[in-house]
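Visitor: This is a predicted model, with the sequence first.
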Amino acid sequence: MNSSMSIVEFIQLVLRNKKWVLIFPLLVAVLVFLLTRNSPNTYTSEMVIYTGIASGYSIDNNGAGKVDYHQTNSRFDNLINTISSRETHKELSLQLLSYYITNPEALNSIKQDLTLDDEFWIYDEKLVSQVRSTTLIETYTILSECLDGTSDHFVYQTLYGKPNNPFNLRTLSSIQADRIGFSDMVKVQYTAENGQLTKKTLDLLADVFLNKYKGMRAGEVNNVVNYFQKETASALERLEKAELGLKTFRTQNKVINYYEQTKYIADQKEDYEQRESKLQMQFAGNRSAIDRIESKLNSRSIIQIKSDEIVKYRNLLSQQYGALSQENGLQAGQDRIEDLRSTLRNKIEDLYSLNNSKEGIPGKNMLDEWLDLTIDQEQTISQLNVLRSYKEDFEKLYDRFAPMGSELNKLERDVDVAEKEYLNLLHNLNQAKLRERNLLLTEDISIIDPPTFPLVANSSKRFLLVLASLISLVLFSILGLVIKEYLDDSIRNPIRLMELTGLETASAFATESKSEYWFEKAEEKSHEHLYWSIKNAPTKSSEKFSRALIIPFTKNNNRLQEILDVQLSTLNTINSPWEYIDKPGNSREDSNSLSLSDSFHTNRMSEDILDQHSSLFLVFDASQKLDRYLLDEINVWKSHGIPTKAIIINTKIHQLENFLGELPKKRSRLRKMVKNTIKRYSK
C-alpha cells in the first residue's frame, strides 16, 4: 500500500495517464451525444392544490391556538402519499385508457408524439373493440375487470409491464407532488411526450385524488362515528335495562325512598319498644295496686268482687278495649266501653254494703279504687296485646327491609355504572360528530391553479447528459488511477524501500523512457549518487582498501551489469584503481574491488568471505514485491554488522525526483510557476 500522495504527485499521475483521463471520457461523451440525438421532446405541466391544513379555520379551533406542526406535517405526508400511491396511479391509468379508447380523435392527436410501437394494442381496432363501450364509465368497468384477470392480458401488461407507454404505473410514478414552502399549497408536476397528454393526465389525477382523499378522510371519521353510535345505543340499552330492574324492584317491594323508609322503620321500632316497656310497667303497677287492695279486703268481699258476673263484665270490658284499640278509637266502641264501665260500676256499687277493710278503711272507697285499677289494668292489657300484635307485623316488615339494602345498592350501582358509560360514550359520539362536521368544513381541498396546456417543449437535457457522462468518467478514471496507485505494493521508489526495510538507498536507476534527454540526465545523477556511495564506502580498520559486495535480489543481471560497468570505468579514472571480481573471495589485498554475488541467500556464503568485505550493496528491482521471506533475508544481511545500502533498478523515471532532485526538462515559464506554487503551499 502506498503512502500519502502529494498534490504534485497527484497531478503528475493524472498527466501521465491523460489518455485515460481525457480521451476515453471524450469518446464516451461523443457516444452519448450520438445515442441521444433522437430523444423525443417532453412537455411539463403543473397544478397547485390548496389544502387549508396548516392555517385553515375549524370548528374546534378559532385560529388563535397553537399549530401542531407534527400533525400538520403528517397530514401533508398523507396527502402527498395519496397522490403518489399505486392505487391512485392505477385508477388514473384506467381513466386515461378509458378516455383515449372512447375518444379516437384525441388518441390520433397525440399519436405522432408518442414513442409507442406501431403494434401497440391501443392502435389495433380489433383489440380495442374488446374493451371499448359507449360511455367512459362502462369502458372503465370493462378495463377494471380485465385487470382483475390473468397477468397475460394486454391491459394488465400495459399497466404493470415495461414502462414504455404513458399508461404504465412506473411511468406515472414520475408524477411529483411537493409542498410549497410552509404554505397550505401542494404543487403537482408531470412530464410527458405530448402536451395534451400531460394536461389530461393532471386533470384526471385531480379528480381521482380529490375523490380518494376526501373519501378516505370521511371514511375514517364515519367509521369512528358509526362505532360510537353503535356503542352508545348498546350502552343506552344497558342503562334502560338497569333502570327497569331498579324500578321493578322498588315496585315489587313498595320502596319509595329506601333510606327514609328504613330510618322511619328504625324509629318506629324504637318507639314500639319504649311504649311496650311503658305499658308493662303500667301493668305491673296496676297489678301491684290491685293485689294490695285485695289484701286489705276480707274473704267475703274478695269472693263477691270475683263473682262470675263481675268477671263476665270485666272480660267484656277487656275485649271491648282490645276491639277499640284495633278499631283505632271509633265512637261506637267508646260508647260501648262507657256502657260496660257503668254496668260494672253499678255491679260493684251493689257491694257497698260490705264492711270496712281490715284496716278500717271504708269498703266503698276500696271498691272504687279497685274498680278504677281493674279498668286501667284491662285497658293496659288490651293495649299491650294490640301493641305486641303490631310489633310482630312490624318485625316482619323490618326483616323484609333489612336484606333489601344490599340488593338495592347493587341495582343502583349498576344504574350508576351504566349511566357513566352511556354519558362517556355519548360525549365521545358528540366529539366524533364534531370532527365529522369539522372535516366537511375544513377538507375543502380545491385546485387553485389548474393544469395548463404546455405549448413549448422542455429544453433538451442532451447537453447535460453529455456533460455529466464526460465529468463522471473523468472523475471515475482519476479515482481508478488513485486507487491503483494506492493498491500497488511494489517497491517503486527509494523512499518506499527505506520505509519497508530501513535501508539507506545508495542510488536508484530508471527504466528506459520515451524522452532520451530526460533518461540520460537521470542516468547521470543516478551514477553520480552510486559513485559517491561506493567511493565513500568505509574500509576496515586494518586495511586501506575498500571492498564492496553487490548482492542482487533481482534476476535482471543485464541491467545490473551495465550499471557496474559504467561505475568501474568511472572509478578507474579517478584515484586508485578498482577491479571487478565475479566471484566473492578472490579479491586482491592491494586494490579496491567490487564483487558480485550469485545469490541473495546468506547461507550460500561463508563467514570468512563476508569478513573480507567492508560494505554491502543490496540490489532490488522497483517492480519487486518484498514478501516476508525476502524481508527476513534482508534482516540477516544487516545483522552481520557490515555497512549495508540498497540500489534500486528499473524505477519509473518520475519516481526519482524525490530522490535525485528535480530532473531537467523543457517546461514553460507558466508551468514552472504553477509547479513551484503548488509545492510551496502543499508542504
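Guide: Sure, I can see it.
Visitor: tell me the mean pLDDT over the helix or strand where residue 139 lies?
Guide: Applying DSSP states H and E as the criterion places residue 139 in helix 136-147. Averaged across helix 136-147, pLDDT comes to 90.
Visitor: Show me what it is packed against.
Guide: helix 86-102, helix 125-131, helix 154-160 (3 or more C-beta pairs under 8 Å, 6 or more residues apart in numbering; DSSP states H and E). No exception for glycine: its C-beta is placed from N, CA and C like everyone else's.
Visitor: buried sites along the second one?
Guide: Buried positions in helix 125-131, judged by neighbour count with 16 or more other C-beta atoms under 10 Å: 128, 131.
Visitor: ditto for the last one
Guide: Of the residues in helix 154-160, those buried under the neighbour-count criterion (16+ other C-beta under 10 Å) are 155, 158, 159.
Visitor: wait, which of the helices and strands packed on helix 136-147 is closest to residue 374?
Guide: In terms of C-beta to C-beta, the element of these nearest to residue 374 is helix 86-102, at 108.4 Å.
Visitor: Tell me which residues are up against the next helix-or-strand element following the closest one.
Guide: As assigned by DSSP H and E, the chain's next helix or strand after helix 86-102 is helix 104-111. Helix 104-111 is contacted from outside by 99, 100, 101, 122, 123, 194, 196, 197, 200, using C-beta atoms under 8 Å, 6 or more residues apart in numbering.
Visitor: quick one on the thing from earlier: in a markdown table: the helices and strands packed on helix 136-147, plus distance to residue 204.
Guide: Conversion of the helices and strands packed on helix 136-147 to a markdown table gives the following (distance: least, C-beta to C-beta, whole Å):
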| stretch | distance to residue 204 |
| --- | --- |
| helix 86-102 | 5 |
| helix 125-131 | 18 |
| helix 154-160 | 15 |
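Visitor: Same list, those helices, but as JSON lines with mean pLDDT please.
Guide: Shown next, in JSON lines, are those (pLDDT from 0 to 100):
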{"stretch": "helix 86-102", "mean pLDDT": "92"}
{"stretch": "helix 125-131", "mean pLDDT": "87"}
{"stretch": "helix 154-160", "mean pLDDT": "89"}
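Visitor: Out of these, which gets nearest to residue 275?
Guide: Nearest of the helices and strands packed on helix 136-147 to residue 275, taken as C-beta to C-beta: helix 86-102 at 88.2 Å.
Visitor: Go through stretch 454-468 and flag the buried ones.
Guide: So, applying 16+ other C-beta under 10 Å, buried residues of stretch 454-468: 454, 465, 466.
Visitor: where's the dip in pLDDT among the residues you listed?
Guide: Scoring these by pLDDT puts residue 465 last, at 76.
Visitor: quick one: residue 157 and residue 167, what's the gap?
Guide: Noted for residue 157: a distance of 11 Å to residue 167, by C-beta to C-beta, to the nearest Å.
Visitor: Residue ranges of each domain in this protein, please.
Guide: According to automatic domain parsing, the chain comprises the domains 7-37+460-483, 43-210+441-449, 491-681.
Visitor: Tell me which of the ones you listed approaches residue 408 most closely.
Guide: Nearest of the domains of the chain to residue 408, taken as C-beta to C-beta: domain 43-210+441-449 at 42.1 Å.
Visitor: what about that closest one, how long is it end to end?
Guide: 17 Å (C-alpha to C-alpha, to the nearest Å).
Visitor: Make residue 1 into 56 and carry on from there
Guide: Okay, residue one is now 56; in that scheme the one you just asked about reads as domain 98-265+496-504.
Visitor: Could you check how many residues crowd around residue 582?
Guide: Using other C-beta atoms under 10 Å, residue 582 has 16 other residues around it.
Visitor: Do you know the pLDDT at it?
Guide: Note for residue 582: predicted pLDDT of 82.
Visitor: That one contacts residue 617, doesn't it?
Guide: No. At 10.7 Å, residue 582 and residue 617 do not qualify as touching, with contact defined as C-beta atoms under 8 Å.
Visitor: how close does the nearest residue to residue 584 once chain neighbours are set aside get to residue 95?
Guide: Distances taken as C-beta to C-beta, 6 or more residues apart in numbering put residue 562 closest to residue 584, at 3.9 Å, once the chain neighbours are dropped. Applying C-beta to C-beta, the value for residue 562 to residue 95 is 66 Å.
Visitor: In terms of neighbours, single out the busier of those two.
Guide: residue 562 (26 against 11).
Visitor: so who does the more buried one touch?
Guide: 581, 582, 584, 585, 588, 702, 703.
Visitor: ok, now residue 105?
Guide: 239, 240, 500, 501, 502, 503.
Visitor: Model confidence for the third one, exactly?
Guide: Put plainly, it is residue 500. Model confidence at residue 500 (pLDDT) stands at 76.
Visitor: mind listing what it touches?
Guide: So residue 500 contacts 104, 105, 106, 107, 134, 265, 268, 269 (C-beta under 8 Å, 6+ apart).
Visitor: if we can go back for a sec, can you tell me which of the buried residues of helix 209-215 is nearest residue 87?
Guide: residue 213 (30.2 Å).
Visitor: residues in contact with stretch 583-595?
Guide: 561-563, 600-601, 603, 618, 622, 625-626, 629-630, 649, 669-670, 672, 698, 700, 702, 715.
Visitor: I'd say residue 550 and residue 715 touch.
Guide: No. If you go by C-beta under 8 Å, residue 550 and residue 715 don't touch, sitting 11.7 Å apart.
Visitor: Between these two, which contacts overlap?
Guide: Common neighbours of residue 550 and residue 715 (C-beta under 8 Å, 6+ apart) do not exist.
Visitor: quick one: which of the two has more around it?
Guide: residue 715 (21 against 14).
Visitor: how much space between that one and residue 585?
Guide: 11 Å.
Visitor: which ones are touching the residue lying closest to residue 677 once chain neighbours are set aside?
Guide: What sits nearest to residue 677 in space, not counting adjacent residues and going by C-beta to C-beta, 6+ apart, is residue 706, at 4.0 Å. Taking C-beta under 8 Å, 6+ apart as the criterion, residue 706 is in contact with 547, 548, 549, 563, 564, 565, 566, 677.
Visitor: which one of the residues you listed has the most neighbours?
Guide: Counting by other C-beta under 10 Å, top hit in the contacts of residue 706: residue 563 with 29 neighbours.
Visitor: Quick check: that residue is in a helix.
Guide: No. Looking at residue 563 with DSSP: H, G, I helix; E, B strand; the rest coil, it is strand, so not inside a helix.
Visitor: Nearest residue to it in space, ignoring adjacent ones along the chain?
Guide: Nearest to residue 563 is residue 703, by C-beta to C-beta, 6+ apart, at 4.1 Å.
Visitor: what about the one you found, helix or strand, and which?
Guide: Element membership for residue 703, per DSSP H and E: strand 699-706.
Visitor: Just the mean pLDDT for the next helix or strand after that strand, thanks.
Guide: Sequence-wise, the next helix or strand downstream of strand 699-706 (DSSP H and E) is helix 712-715. For helix 712-715, the mean pLDDT works out to 72.
Visitor: Number of residues surrounding residue 175?
Guide: Using other C-beta under 10 Å, the number of residues around residue 175 comes to 15.
Visitor: which residue packs closest to it, ignoring adjacent ones?
Guide: Leaving out its chain neighbours, the residue that sits closest to residue 175 by C-beta to C-beta, 6+ apart is residue 220, at 6.8 Å.
Visitor: The one you found in helix, strand or coil?
Guide: Of the three states, residue 220 takes coil under three-state DSSP.
Visitor: pLDDT at it, what is it?
Guide: What the model reports for residue 220 is a pLDDT of 87.
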